[in-house]
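K.L.:
Sequence isn't available, so here's the structure alone:
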Ligand SMILES: CSCC[C@H](N)C(=O)N1CCC[C@H]1C(=O)O
């Protein structure tokens, strides 16, 4: 069904076909989970008549069932088989979509196949139109992934955090997510004290101290779909300035959330958060976009940034996560996952956003 819709789009946009390597696009279109093929060439070739063929290493023969496929064995040259498949599908020239995340060595070898005159375009430019709007089933899976991270947050508040190393807290968060879901959607961020001034801090040996603000940013995966939550908590009474920053970020997050409406552009949601932070005097310390689309990938379209031209539609799902990061002092970020439902934003993550002082 999704593959059929994709083929109609290919035709509408004047593309002759697509070459798709393993990842979330292949999963979205076919349901095939082939994420660990490593260096072994694996691609799905599709033409504009709706014919398709998977080329996969023979060690996947027992995994790929009831799907048109050609297998190759270690020691064989898979590109000879790919050339044959492209011939069968009559793909020899024209505008072809290619998976954005394809390994460079595969792409180079495809370009060198010979006797072909392809003009490549990124697959995302077309498939985004299908993936950006989630159906009810997809939103249900995202709700489940969101419930898991809410529950983990509740549990974290009961842990003895004072003196704990960031990396140990991150590990414990990861363990709980793995126990409650299909796994993590990205490596948890635990950033304490001055480390919280780095939005993508990698948890290290620093131990949580009295008076620290700690950014906790983590996500779960459920049936392929991601959640992504950030809460900032205080362990002991924090600096007054950090409390002021917390209140500013919270107001920005709530204002942006309330601004979500079908028909608005993504950049208007970003502006709603940015304005509050700028007015409070922290504009220069809000160094990233307000949010990003969320679904099978933890970062996907629509991006909620100052350049976000996407017009919000029913079923779109994204994060709202303004933050303020002051070097030498620390930082605050508050993030929820939101779905556009009945014309408005609906939070999928619901953990307490008030300042928790442990
Ligand atoms: C996939 S790692 C980062 C996860 C995090 N939740 C996140 O998406 N962000 C943290 C800072 C802003 C935002 C981002 O756009 O990277």
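P.N.:
That came through fine. Bear in mind that the values here come from a model prediction, so they are computed numbers and not experimental data.

K.L.:
all contacts plus neighbour counts: C-alpha atoms, from now on.
P.N.:
Will do.

K.L.:
What strand or helix carries whatever residue of the stretch 151-300 of the chain ends up closest to the ligand?
P.N.:
Per CA to the nearest ligand atom, residue 199 is where the stretch 151-300 of the chain lies closest to the ligand, at 4.9 Å. If you go by DSSP states H and E, residue 199 is not part of any helix or strand.

K.L.:
can you tell me which residues contact it?
P.N.:
By CA atoms under 8 Å, 6 or more residues apart in numbering, the contact list for residue 199 reads residue 325.

K.L.:
what are the ranges of the helices in the stretch 101-250 of the chain?
P.N.:
104-111, 124-131, 136-156, 166-180, 240-259 (DSSP state H, counting those that start in this stretch).

K.L.:
Export those helices to CSV and append columns for mean pLDDT, distance to residue 4 and mean neighbour count.
P.N.:
Listed next are the helices of the stretch 101-250 of the chain as CSV, based on pLDDT from 0 to 100; distance: least, CA to CA, whole Å; neighbours: other CA atoms under 10 Å:
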stretch, mean pLDDT, distance to residue 4, mean neighbour count
helix 104-111, 94, 25, 13
helix 124-131, 96, 11, 16
helix 136-156, 98, 18, 20
helix 166-180, 98, 34, 19
helix 240-259, 97, 35, 20
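
K.L.:
can you put these in TSV and add distance to the ligand?
P.N.:
TSV is the format used below for the helices of the stretch 101-250 of the chain (distance: least, CA to the nearest ligand atom, whole Å):
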stretch	distance to the ligand
helix 104-111	22
helix 124-131	18
helix 136-156	12
helix 166-180	13
helix 240-259	13
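
K.L.:
Just say helix, strand or coil for the residue nearest in space to the middle of the chain.
P.N.:
Closest to where the C-alpha atoms of the chain average out (CA atoms, centre = their mean) is residue 298, at 1.4 Å. Assigned with DSSP: H, G, I helix; E, B strand; the rest coil, residue 298 falls in the coil class.

K.L.:
now residue 54
P.N.:
Under three-state DSSP, residue 54 comes out as strand.

K.L.:
isn't it right up against residue 32?
P.N.:
No. With contact defined as CA atoms under 8 Å, residue 54 does not count as touching residue 32 (10.3 Å).

K.L.:
quick one, which of these two is more surrounded?
P.N.:
Each of residue 54 and residue 32 has its neighbours counted (other CA atoms under 10 Å); residue 54 has more, 21 against 17.

K.L.:
For that one, give its distance to the ligand.
P.N.:
According to CA to the nearest ligand atom, to the nearest Å, residue 54 stands 29 Å off from the ligand.

K.L.:
Make 39 the starting number, not 1.
P.N.:
Renumbered: residue one is now 39, and that last one reads residue 92.

K.L.:
Could you check how far that residue is from residue 116?
P.N.:
To residue 116, residue 92 is 12 Å away according to CA to CA, to the nearest Å.

K.L.:
what does residue 285 give?
P.N.:
57 Å.

K.L.:
Equivalent analysis for residue 307, please.
P.N.:
When distance is defined by CA to CA, residue 307 is 47 Å away from residue 116.

K.L.:
Check residue 339 too.
P.N.:
33 Å.

K.L.:
More neighbours: the two, which one.
P.N.:
Taking other CA under 10 Å, residue 339 and residue 116 do not tie; residue 339 has more neighbours (23 against 20).

K.L.:
got the contact list for that one?
P.N.:
Under the criterion of CA under 8 Å, 6+ apart, the neighbours of residue 339 are 166, 170, 330, 331, 332.

K.L.:
What sits closest to the residue located most distally from the centre of the chain if chain neighbours are left out?
P.N.:
Using CA atoms, centre = their mean, the residue of the chain lying farthest from its centre is residue 153. It sits 37.5 Å away. Using CA to CA, 6 or more residues apart in numbering and skipping the chain neighbours, the partner closest in space to residue 153 is residue 130 (7.4 Å).

K.L.:
Tell me how many other residues surround that neighbour.
P.N.:
Residue 130 has 18 neighbouring residues, counting by other CA under 10 Å.

K.L.:
Next: residue 197.
P.N.:
Number of residues near residue 197 (other CA under 10 Å) recorded here: 12.

K.L.:
same thing with the one 5 residues further on?
P.N.:
When counting by other CA under 10 Å, one arrives at 15 neighbours for residue 202.
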